[in-house]
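Let me see the structure of the following:
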Amino acid sequence: NAVLVQRPFQTPYFLAVFHTLTSDRQYENYFVQFTVSAPYRPIGVSRALPLVKDDDDCPTFASGLTLLPASGDFDSDRVAVGYGSCDEQARVLVLALVEVELLFTPFDDETRYAGGTGEAVVGV
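Numbers count the residues shown, from 1 in each chain. Take a look at the predicted model:
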């Protein structure tokens with residue numbers, strides 16, 4: 001699921017979470033940003049999410065995402081990522097939206113799309 005991120009003086013975007021499976025059968029989890037209108041092109045992919053795991057052989061699998069608006073003791077929007085750890089525990093990673101945005105490296109025009117086909121090139 002993707003959430004709409006709208007901030008003053010910034011272009012709105014969709015934020016989603018996805019995972020890849022490594023050659024040693026571990027999951028790596030990432031955020032991805034998309035444009036808000038069709039064809040919903042990717043804008044950037046984050047570095048791997050800092051999900052907590054009990055040991056290196058323990059799989060972590062991001063499965064949910066929500067945007068928590070600023071309120072009460074929190075003066076900025078936050079992003080919550082639900083994930084499973086070791087196939088035994090349900091956990092939540094909560095980051096300020098500013099922290100999430102610092103995880104991103106924007107695509108440049110050369111690597112954004114393969115041959116102008118609109119097919120995203122995501123080198124993760």
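
which SS class is V100?
For V100, the assignment made with DSSP: H, G, I helix; E, B strand; the rest coil gives helix.

Please name the residues that touch it.
Counting by CB atoms under 8 Å, 6 or more residues apart in numbering, V100 touches L15, F31, S46, V79. The way it works is simple: take the backbone N, C-alpha and C, and place the C-beta from them, glycine included.

How about L93?
L49, P50, L51, V52, A80, V81, Y83.

Quick check: bridge partners of the fifth one?
On the basis of DSSP bridges, A80 takes part in beta bridges with T66, V94.

looking at it, it is touching A62, isn't it?
No: the pair A80 and A62 does not pass the contact test of CB atoms under 8 Å, sitting 10.9 Å apart.

the more surrounded of those two?
More neighbours surround A62 than the other of A80 and A62, with 22 against 14 (other CB atoms under 10 Å).

Of the contacts of V100, just say which sits nearest to A38.
Distances from A38 to the contacts of V100, taken as CB to CB, are shortest for L15 (17.2 Å).

The nearest residue to R47 once chain neighbours are set aside and D87, how far apart?
Counting by CB to CB, 6 or more residues apart in numbering, L103 is the residue found nearest to R47 once chain neighbours are left out, at 5.0 Å. For L103, the distance to D87 equals 25 Å [CB to CB, to the nearest Å].
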